[in-house]
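> Quick one, fold the following:
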Amino acid sequence: MQLRYLGKAFLLIVILAVAALGSVALFNCKKPHVIIVNNPGAGRLGDQLLGYSKAKYLSLKYNIPFLLIPFEYSDQLTLSQEKHYTRWSFFLQRVFYKLFARVVWVHTEEDMVEALKTLNGPTRFIAHLNTRFFEHINANVGLDRYMNSWAASFLYELTIKYPDFGAELKKMLQPLQPPPLMNLPKDRLSVAVHIRKGGGYFMDPDVTSQQYYSNEVHAVNYEQFCIDSDNQNFISEASKNIPAFDYDLTNRDSVDKIHLDKFPPEQYYVEQIKNLSDFLNDVPLYVYIFTDDPEPVQLTKRVDDAVNKENIVFACRTSKNTHDTNVIDDWFALTYFDCLIRSGSFFPHAAQLIGHHKVIIYPLHLKWLNNQKLVADRVGITIRDKELFKRKYGTKNSERRGS
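Okay, here's the model as predicted:
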């Protein structure tokens, strides 16, 4: 009997010692007894990567150790090798969480700042997709509880303003297994186009908007944002670069009436491919369609036929395709291209954070016309190539409309 009690006591001492050693290793920073974690919660890969990126940003900014909470596909990325997660057994993680009984949800960066002023014991900060930075607060965005399209805003600009943060994301968001090479043609500029369709995902009911229509049915305001790492003014300009849309809460019977910016019609992509070609003086382009559509070849042919420009070669995946196949391969492949045309989906936006795109095109505002047509009447263009700063995007398309 005494031996059994002695054995239990010895085991408890070992557990506490190991936990203490883990704490010492983790607390090798200026703020002991504090950690910050990501909150997987609900959402797919894009949501998770943006939430992770926000937690990492705050970790670096305030010099607080980061602890990864795993999410779907995280085991396929370098971030899964974070030294303070994979070295611990599940049991030791539970013990560690018990030690950090005080939890502060970081809904705004102010929550973290205020809590750091009154530390009175081990504290665990939890950042998430909808955490608002001071940049969001100053721009007065993130207050609408019915939409979170703003959630990705400022992250891209912050990776450029703070190169250490950008480098950390590039390091942590690499696939552990090298993805298949894209073999992009060297004699053409490459353009990634991400078209989200739902792909059978149970939370994405079918779209109902008319996919093609005359581009004369609506006027489009094109807003250019030039990002020069030598000129930090782009941070203040970013407050204008935040998506929004008109929605009708009484009639949300399709996914494109719930998340307007994530499901623009195919007409939007056709217009922007044409605009980009015009903007680049119709140089040879290689346009690759990334999609969760189960019939990517048919989708690509529709877009190709509607664009109808001889300088453009189209391509897409020809093998089996659904919302949950080729996820990491497609996501990382988006980072290879010279240009990116995307929706408001967080999936391509997360790829944008670590890509080297010269031009990025995305919807800033969408609205429904007569409950049939979903149109993007404001489109944003972010330009990183200084040689393109003086060019005006969308002018030839406006001339075609006669405006």
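> quick one: residue 269 is in a strand?
No - if the criterion is DSSP: H, G, I helix; E, B strand; the rest coil, then residue 269 is helix and not within a strand.
> Assess the claim that it and residue 303 are in contact.
Yes - contact criterion CB atoms under 8 Å: residue 269 and residue 303 qualify, at 6.1 Å. (Glycine included, C-beta is placed from N, CA and C.)
> Common neighbours of the two, please.
193, 195 (CB atoms under 8 Å, 6 or more residues apart in numbering).
> Next up, the contacts around the closest residue to residue 383 other than its chain neighbours.
Nearest non-adjacent residue to residue 383, counting by CB to CB, 6 or more residues apart in numbering: residue 226, 5.0 Å away. Counting by CB under 8 Å, 6+ apart, residue 226 makes contact with 234, 382-383, 389.
> Among those residues, name the buried ones.
Buried members of the contacts of residue 226, counted by 16 or more other CB atoms under 10 Å: 234, 382-383.
> Now the residue nearest to residue 383, what are its backbone angles?
When read as degrees, to the nearest 10, the backbone of residue 226 gives phi -100, psi 120.
> partner residues bridging residue 362?
Legend: beta-bridge partners of residue 362 under DSSP bridges are residue 380.
> for it, what are its contacts?
Contact analysis of residue 362 by CB under 8 Å, 6+ apart lists 243, 341-344, 349, 379-380, 382.
> next one: residue 285
Listed by CB under 8 Å, 6+ apart, the contact partners of residue 285 are 188-191, 276-277, 311-313.
> Residue 291 now?
194-197, 199, 299, 316, 321.
> May I see these organised as JSON lines, with secondary structure and neighbour count added?
Output for the contacts of residue 291, formatted as JSON lines (DSSP: H, G, I helix; E, B strand; the rest coil; neighbours: other CB atoms under 10 Å):
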{"residue": "194", "secondary structure": "strand", "neighbour count": "24"}
{"residue": "195", "secondary structure": "strand", "neighbour count": "25"}
{"residue": "196", "secondary structure": "coil", "neighbour count": "25"}
{"residue": "197", "secondary structure": "coil", "neighbour count": "21"}
{"residue": "199", "secondary structure": "coil", "neighbour count": "16"}
{"residue": "299", "secondary structure": "helix", "neighbour count": "20"}
{"residue": "316", "secondary structure": "strand", "neighbour count": "22"}
{"residue": "321", "secondary structure": "coil", "neighbour count": "21"}
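> Redo the residues you listed as JSON lines? Include distance to residue 106.
As requested, those are exported to JSON lines (distance: CB to CB, whole Å):
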{"residue": "194", "distance to residue 106": "29"}
{"residue": "195", "distance to residue 106": "33"}
{"residue": "196", "distance to residue 106": "28"}
{"residue": "197", "distance to residue 106": "34"}
{"residue": "199", "distance to residue 106": "32"}
{"residue": "299", "distance to residue 106": "39"}
{"residue": "316", "distance to residue 106": "40"}
{"residue": "321", "distance to residue 106": "37"}
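> Out of the contacts of residue 362, flag the one nearest to residue 121.
For these, the minimum distance to residue 121 (CB to CB) is 37.0 Å, reached by residue 349.
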